[in-house]
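Chemist: fold the following.
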Amino acid sequence: MRLKKYILLSIILIIPAISLYAQKGYEVSFQMERQALKNGAKTRKPESIFRLVRFGWNKNTVIDSVKTRFADGKAKIIFRGKTDLVPGEYKISCRDGQGNKIEKDVNFFVSSEGKVKERIIAGPSGIKQVKGSKENEIYFSLQDYLNEEKPSEIKSTLKKFWTESSERCPNSLLHAFLKYTVARRFSFDSTSIYSIASEIGLDDRLLNTSFGGNFIKSILGEAMFSPVDSIIRIADSLLQEPGGNNNQLNTYKSAAGKIIFDFFRSPRIMGEERVAFYVAEKYFLTGRLQAGKNDYFVYRSYVKFNEHSLIGMKAPELKLRDLSGKVWSLKALCSTGEYTVIFFYTNDCIECKKESPKLIDFLNSYEDGIINVFAVYTESDTTAWKKYAGQEFEIYNPFINWINVADKDYKSNFAFLYGVISTPRIFLLDGNGIIIGRNLDTESLKNLLKVRNERRNKEYEFFDGFFSGNKDIHAGIDEFYKRSISDTSSFREIFGELYNYLKNSDSYDLQEGAAYLGEKYIVNKACLWKTNPEYVSKIKRAIKVFNMNRLGSRAENLTLSNEVGAPVSIYDIKSKYKVLFFYSTSCQECISSTKIMKALYEKAGKAGIEFLGIYTGTNYGAFIKFITENNLKWVNLWNKNNEENIFGKYALLGVPSIYILDRNNIVVAKDISPATLSEIIKKKINKDK
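Modeler: Below is the predicted model:
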């Protein structure tokens, strides 16, 4: 009797357990029907892979997979598991053995925990639900509608589906999806995680869907061609909305932050990586957004390898030795050309061997100005370096100043300063040492230079037209400020070019305008140029020189000595224009400028321009050696007994320094770079044609 009672009790307990177990897990039956092959052609029947995938804002997760073969254009599979499917959005995808999609994916929702049973048939005529939830019955109809070649009346049709879901499955993910879609497309214009959550409601299920993440990506896609500062403001609007300690909302924001970071960490538009850097540094590394251990490491590494070398930053200084052991300063080199290329490479890198010849060919054909190349060998084998550099880097363009350097002991920390985790790696700097291109190859370098040069030419044409009829130059400059200050990065670029245009003009009034601009909008607004304090100091120095020795005035005469000791007066040298090149043999910047000045001297004769190389030191031996080694054929002069106050008469605050005088010894230009001199010579030649 007791045994019967025990058995009966066991049955009573087991039945609910079996019933409970039966309510767990998932069983998704799926049949795919393909279009019949033309002409009844027979093909091999390779295995196809069907996957059950759960969506996520940042990452999709494969839940199950089944391999099968199509027979008579049909394939039948069943996904079956004992564990509940997490509420969210799922898709069934079909790929061949090479990973190519065979047919369109089929999506479905799981809105609650518990046993999931769906029987689905997908074919050329659409998606049919044999058995399953009400929301997926509606959702499959919606997918068929959206898969139409030209779906009509989208607005009214979506609202129709929304109304149906409100009546039949109001608490489902489908309803939230349609509410979100209709709201985003047709009603609301908010652009924040907080706003979405307010409209749809905080619902952890939404983090396992595609549409939340796609919303973020759609906003970022629309903003992609905007100024970087504008994109950062959009990122802030998405992530900074109120939420306090609401864990659900913070989870949403963290997911959105990761989407923003991933979207811009390797962007299609150069310079937008600053957005990824900003989000990683400001939100994740400060703990304002949650990050897993692995993600945190990614954010920290990204910041570490990019914090010194983003677009718009001052290029970190590198002082490295060349093949002869001489130390070269990147900072000093930048000021001698319009652009400087930094080329990190090794001799045993396959990609370097492919890229080097392309770079050499392009630079040898470049005709739009002066380019310095700081070619940095990144390994420690100096023998291999010297052999490789000697064989591969053949530069014959006189306006390309190629310097081979290396850091065999890795003391300069170039890898972290420039994020050199692989080679080749190419950066482009402007004449002020500001990074204007990074992660370039030769083709992108070529295109970037072309765009910048064309834009500069158009800007100068615009400046010509604007200032030619504008008598009040100061008011014109003020107007440019009002138009451009809304975006600080654009402001710096525009005003940098405007300053160069005014400073290098033949008009004294425009040159005076450069001094006005420099004083009011660069020196007195140094906070807007905080990424490049050295540029501000340079402008301050230029203003001081301008005020000490104004253009349009007669230059002081100098009586110096030539190579054989004979006295030579600057006034006695007759020429349409005279270029005075003040230099020192111990000045690295002077040495790199000399090569460029020699090339310009060859062109100068066509424009009736004479060059005077004026050595400011007193060491005759060094003077003669420098002339001989560099084969200088222009007029060579030196201050034999330091009898002339060169620095005082010409307001020189240092060397190298370049002046241009006309035939009446009137100062036409002063304190200019070789790159600016090149542009002036080009203008003079074109003017005389």
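Chemist: after the strand or helix carrying Asp478 comes which helix or strand?
Modeler: If you go by DSSP states H and E, Asp478 is part of helix 473-484. Next in sequence after helix 473-484, counting helices and strands by DSSP H and E, comes helix 488-503.
Chemist: check which helices and strands the following helix or strand past that following helix is in contact with.
Modeler: Per DSSP H and E, the first helix or strand lying C-terminal to helix 488-503 is helix 508-517. Helix 508-517 is packed against helix 473-484, helix 488-503, helix 533-548, with contacts defined by 3 or more CB pairs under 8 Å, 6 or more residues apart in numbering; DSSP states H and E. Yep, even glycine has a C-beta here, placed from its N, CA and C like the rest.
Chemist: pLDDT value on Gln248, please?
Modeler: Here, the pLDDT recorded for Gln248 equals 69.
Chemist: go on, Lys24?
Modeler: Confidence score, pLDDT, at Lys24: 81.
Chemist: host element of it?
Modeler: Assignment of secondary structure by DSSP H and E places Lys24 within no helix or strand.
Chemist: got it, and Ala122?
Modeler: strand 116-123.
Chemist: how about that strand: buried residues?
Modeler: Val116, Glu118, Ile120, Ile121, Ala122 (16 or more other CB atoms under 10 Å).
Chemist: tell me the buried residues in the helix holding Asp478?
Modeler: Ile473, Gly476, Ile477, Phe480, Tyr481, Ser484.
Chemist: swap in stretch 512-530?
Modeler: Buried-residue list, stretch 512-530, by 16+ other CB under 10 Å: Glu512, Gly513, Ala514, Ala515, Tyr516, Leu517, Gly518, Glu519, Tyr521, Ile522, Val523, Trp529.
Chemist: what does it rub up against?
Modeler: The contact list for stretch 512-530, computed with CB atoms under 8 Å, 6 or more residues apart in numbering, reads 467, 473-474, 476-477, 481, 488, 491-492, 495, 498-499, 502-503, 505, 533, 535-536, 539-540, 542-543, 546-547.
Chemist: any idea of the mean pLDDT for that stretch?
Modeler: 91.
Chemist: try stretch 580-588
Modeler: 91.
Chemist: got the end-to-end distance for it?
Modeler: In stretch 580-588, first residue to last residue: 18 Å (CA to CA, to the nearest Å).
Chemist: buried ones in it?
Modeler: Under 16+ other CB under 10 Å, the buried positions of stretch 580-588 are Leu580, Phe581, Phe582, Tyr583, Ser584, Thr585, Cys587, Gln588.
Chemist: who touches that stretch?
Modeler: Contacts for stretch 580-588 (CB under 8 Å, 6+ apart): 327-329, 332, 570, 590-591, 593-594, 597, 611-617, 619, 622-623, 625-626, 646, 650, 652, 655-661.
Chemist: now, the residues you listed that are in helices?
Modeler: The helices, defined by DSSP state H, take in Ala332, Cys590, Ile591, Ser593, Thr594, Met597, Ala622, Phe623, Lys625, Phe626, Ile646 from the contacts of stretch 580-588.
Chemist: out of the residues you listed, who's the most crowded?
Modeler: Within these, most neighbours by other CB atoms under 10 Å means Ser593, with 27 neighbours.
Chemist: what sits against that one?
Modeler: Neighbouring residues of Ser593 by CB under 8 Å, 6+ apart: Thr336, Phe581, Tyr583, Pro656, Pro674.
Chemist: ok, and the closest non-adjacent residue to Arg54?
Modeler: Thr61 (4.8 Å; CB to CB, 6 or more residues apart in numbering).
Chemist: quick one, grab the pLDDT at that neighbour.
Modeler: pLDDT, Thr61: 94.
Chemist: what residues of stretch 649-664 count as buried?
Modeler: Buried residues in stretch 649-664 (16+ other CB under 10 Å): Tyr650, Ala651, Leu652, Val655, Pro656, Ser657, Ile658, Tyr659, Ile660, Leu661.
Chemist: identify the farthest-apart pair in these.
Modeler: Val655 and Leu661 (17.6 Å; CB to CB).
Chemist: quick one: the strands in the stretch 201-350 of the chain?
Modeler: For the stretch 201-350 of the chain, the strands defined by DSSP state E, counting those that start in this stretch occupy 319-322, 327-329, 339-345.
Chemist: next one: the stretch 551-689 of the chain
Modeler: Using DSSP E, counting those that start in this stretch, strands in the stretch 551-689 of the chain cover 559-561, 567-569, 577-583, 609-615, 635-638, 657-662, 667-670.
Chemist: could I get the ones you listed as TSV with distance to Ile49?
Modeler: Below are the strands of the stretch 551-689 of the chain laid out as TSV (distance: least, CB to CB, whole Å):
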stretch	distance to Ile49
strand 559-561	84
strand 567-569	86
strand 577-583	71
strand 609-615	73
strand 635-638	78
strand 657-662	69
strand 667-670	71
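Chemist: out of those strands, which is closest to Arg168?
Modeler: Among those, the nearest to Arg168 by CB to CB is strand 667-670 (79.9 Å).
Chemist: by contact count, what packs against the closest one?
Modeler: Partner elements for strand 667-670 (3+ CB pairs under 8 Å, 6+ apart): strand 657-662, helix 674-688.
Chemist: if you set the cut-off to 10 Å instead, what comes out?
Modeler: helix 508-517, helix 533-548, strand 577-583, strand 657-662, helix 674-688 (3 or more CB pairs under 10 Å, 6 or more residues apart in numbering; DSSP states H and E).
Chemist: indicate each strand paired with the shortest one and its parallel or antiparallel sense.
Modeler: Each strand that strand 657-662 pairs with, and the sense of that pairing, follows from DSSP bridges: strand 577-583 (antiparallel), strand 667-670 (antiparallel).
Chemist: helices of the stretch 351-500 of the chain, start to end?
Modeler: 382-392, 414-417, 442-468, 473-484, 488-503 (DSSP state H, counting those that start in this stretch).
Chemist: would you convert those helices into a markdown table that also reports distance to Val110 and mean pLDDT?
Modeler: Below are those laid out as a markdown table (distance: least, CB to CB, whole Å; pLDDT from 0 to 100):
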| stretch | distance to Val110 | mean pLDDT |
| --- | --- | --- |
| helix 382-392 | 60 | 90 |
| helix 414-417 | 47 | 94 |
| helix 442-468 | 45 | 91 |
| helix 473-484 | 52 | 90 |
| helix 488-503 | 46 | 87 |
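Chemist: who's in contact with Glu454?
Modeler: Asp368 (CB atoms under 10 Å, 6 or more residues apart in numbering).
Chemist: what's the first helix or strand after the lowest-mean-pLDDT helix or strand in the chain?
Modeler: Across the helices and strands of the chain, mean confidence by mean pLDDT, DSSP states H and E is lowest for helix 2-22: a mean of 50. Sequence order places strand 26-33 as the next helix or strand after helix 2-22, per DSSP H and E.
Chemist: can you list the buried residues in the helix or strand following that following strand?
Modeler: Next helix or strand after strand 26-33 toward the C-terminus (DSSP H and E): strand 48-54. Residues of strand 48-54 classed as buried: Ser48, Ile49, Phe50, Arg51, Leu52, Val53, Arg54 (neighbour count, 16+ other CB under 10 Å).
Chemist: and the gap between the fourth one and Ser569?
Modeler: What that stands for is Arg51. The gap separating Arg51 from Ser569 is 87 Å, by CB to CB, to the nearest Å.
Chemist: Glu379 - nearest residue in space that isn't next to it in sequence?
Modeler: Thr346 (5.0 Å).
Chemist: wait, doesn't the one you found sit right on Ala389?
Modeler: No. The pair Thr346 and Ala389 does not pass the contact test of CB atoms under 10 Å, sitting 11.4 Å apart.
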